[in-house]
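> What shape does this take:
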Amino acid sequence: MLMVALDQWLKAWSSANLAGSGPRTLINGVLGLTYFHNTGAAFGFLGGAGWGRWVLTVLVFAMLAVVGWYYFKLPDTRKMWLVRVPLLLIIGGGLGNWIDRVRLGYVVDMIEFLFVRFAIFNLADVFITVGTFAALAAMIYLGKDAPWPFNNRTAVAEGGDDDSIGNNIDSDDDSSGENDDE
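The predicted model follows:
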C-alpha cells in the first residue's frame, strides 16, 4: 500500500535526519518537525508501561482486522467507494503505526503544529484521522443508504445474502414477502 510506504519512508527519513538534531521549522509559526518516540497511543496514553506496547499491538491488530473485514463485506457498488476509500486510509495508517510498534517498540512521530500546543504526530496518524472523519461524513451523506451499522438493510437491498453486512435477522421488516405471523 502506498500509504504505508509513504509513512514508513517519512519515519525512516525522520530517524536518519531529525533524531538528535532538535526541532526544524517548515512554515514559520505554523508547522515544524520534531523527532519523538511515542511508546503509547494517542497523546501518549499507556506510554511508559512495558505491557502497554503489547496491549496496543493486539488492540490495533484487532481494529485492523475488524475494519478490513468491514471493507470486504461492503456491497460492491459505486456509492460504497465513499466509505471504502476512507477505510483504506484508516487501514493504511493503522498498519504504519502497527509496524513501528512491533518492529521498534514505539511509534516514530515528527509532525508538530507550532501555533497551538498539540501532540506531535506522524503521517499514519493523519491517514487515520482523515479516514475516520471522511468515513463519518460518507455515512451522513449516504443517509438511509449508509452501510451497516448505520442502516441494517443496506446489504440485503443491494442483493446481499444472510451473511452480508446489513442483514438483521431480528428486523420487524420482512422484505422477502414471507411472514410466518400472517
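
> Next up, the contacts around the residue most central in space within the chain.
Nearest to the geometric centre of the chain sits Ile90, at 2.3 Å (CA atoms, centre = their mean). For Ile90, the contact set (CB atoms under 8 Å, 6 or more residues apart in numbering) comprises 67, 127-128, 131-132, 135. Bear in mind the C-beta positions are built from the backbone N, C-alpha and C, glycine included.

> cutoff 7 Å now
Applying CB atoms under 7 Å, 6 or more residues apart in numbering to Ile90 gives the contacts 67, 128, 131-132.

> and which of those residues is nearest to Val102?
Ranked by distance to Val102 (CB to CB), the contacts of Ile90 are led by Ile128 at 16.9 Å.

> and the closest one, what does it touch?
90, 93-94.

> Pretty sure Thr25 sits in a strand.
Yes: under DSSP: H, G, I helix; E, B strand; the rest coil, Thr25 falls within a strand.

> is it true that it touches Leu33?
No: the criterion here is CB atoms under 7 Å, and Thr25 misses it with Leu33 at 8.1 Å.

> who's more crowded, the two?
Leu33 (21 against 13; other CB atoms under 10 Å).

> And stretch 66-85, end to end?
16 Å (CA to CA, to the nearest Å).

> Next, the buried residues of that stretch.
The neighbour-count check on stretch 66-85 (16 or more other CB atoms under 10 Å) flags 67-68, 70-71, 74-75, 79-80, 82-84 as buried.
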